[in-house]
Structure formats: C-alpha cells, structure tokens
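J.: prediction below, plus the sequence it came from.
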Amino acid sequence: RKKTRSSGGRQSLGGGSDLVETPDIDALLEKFVAQDYLLRDKIEEGDETAGKSEDGKVIAYAMGPRAAMEVGRRQVVYFCSNVLDEKPDPTMLAEIDEDDESSEEEEEEEEDEEGGGDQVLEEEPKKRGKRQKRG
C-alpha cells in the first residue's frame, strides 16, 4: 500500500495503483467556519501539546448557528453516536430537551408581551379595478 499525504500533513493508505487522497481537514474546517457551520475558539489548556496552535492555545470547535438551524443538535448527537458505534448520551439529550422547553417558554412570553398571542390579523384583499379599453 502506498502512503499519501494531504497538505494538512495527514496520511492515507491507498491500495495498489489506486491513489487515495485524504481530504485536507484543516481546509474543510476553515470552510465550515466561514460558512457558519462551526464556531472556532482558542482556549488555554494545561500541559497538552496535541492540537495547540502557534500561540500555545488549543483550538476548540463547536456547532455554529447555521448547523443548528439546518441540522439541529439532536441530529448531531445521534450522528456522532452512530459514527462512534455508541448509544447517544442521555445527559446530552436531556440538555437539548431542557433548552428546547426553555426556548418555547421564552417565545410564549414574548408573544404575550406583544399582546398578539395566537391572534391572526386579517388583511383586506387588494382591490383591482378593471381596465377599460379606450377607443
């Protein structure tokens, strides 16, 4: 098997004449951050050396706003548990449920403050006059 390197320094094994390239993970992470699927944060950690950036801080990634809207936290938890061949963490699922309940309560409070609640305002249909032929 041939070993190939991506520009990110990661190796992949290719079988026979098939050349297999490992995706450039760093470039993908940059792309996902730019598209708001991921949030990147540098945090200070103890004596760990793996994953540290040039300034000595660890780079941490979290779900971005676009991923939360398009995919959802629950689906990410289930996907990760599936990839890891484990059951979803019940504490994570409970946290998601609590967050969902609190956000629903906040939305209800905002509606009550606005005075609208479930009332639907009806708009009058626009009247269109008939065009007359001039002759």
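T.: Sure, I can see it. If you're wondering where the values come from, they're calculated on a predicted model, not measured in any experiment.
J.: which helix in the protein runs the most residues?
T.: Using DSSP state H, we find that the single longest helix of the chain is helix 90-114.
J.: for it, packing partners?
T.: Packing partners of helix 90-114 (3 or more Cβ pairs under 8 Å, 6 or more residues apart in numbering; DSSP states H and E): helix 73-83. Glycine gets a C-beta too; all of them are placed from N, C-alpha and C.
J.: quick one: list the elements packing against the helix it packs on.
T.: helix 90-114.
J.: show the average pLDDT along the helix it packs on.
T.: Averaging pLDDT along helix 90-114 gives 86.
J.: and that helix with helix 73-83, angle?
T.: 170 degrees (axes from the mean of the first three to the mean of the last three Cα atoms, to 10 degrees).
J.: so which bits of the longest helix of the chain are buried?
T.: For helix 90-114, the neighbour count (16 or more other Cβ atoms under 10 Å) marks I96 as buried.
J.: go on, stretch 37-44?
T.: Quick answer for stretch 37-44 (16+ other Cβ under 10 Å): Y37, L38.
J.: what's the mean pLDDT across that stretch?
T.: Here the average pLDDT along stretch 37-44 is 90.
J.: I would like the residues contacting that stretch, please.
T.: 29, 32-33, 53, 55-64, 66-67 (Cβ atoms under 8 Å, 6 or more residues apart in numbering).
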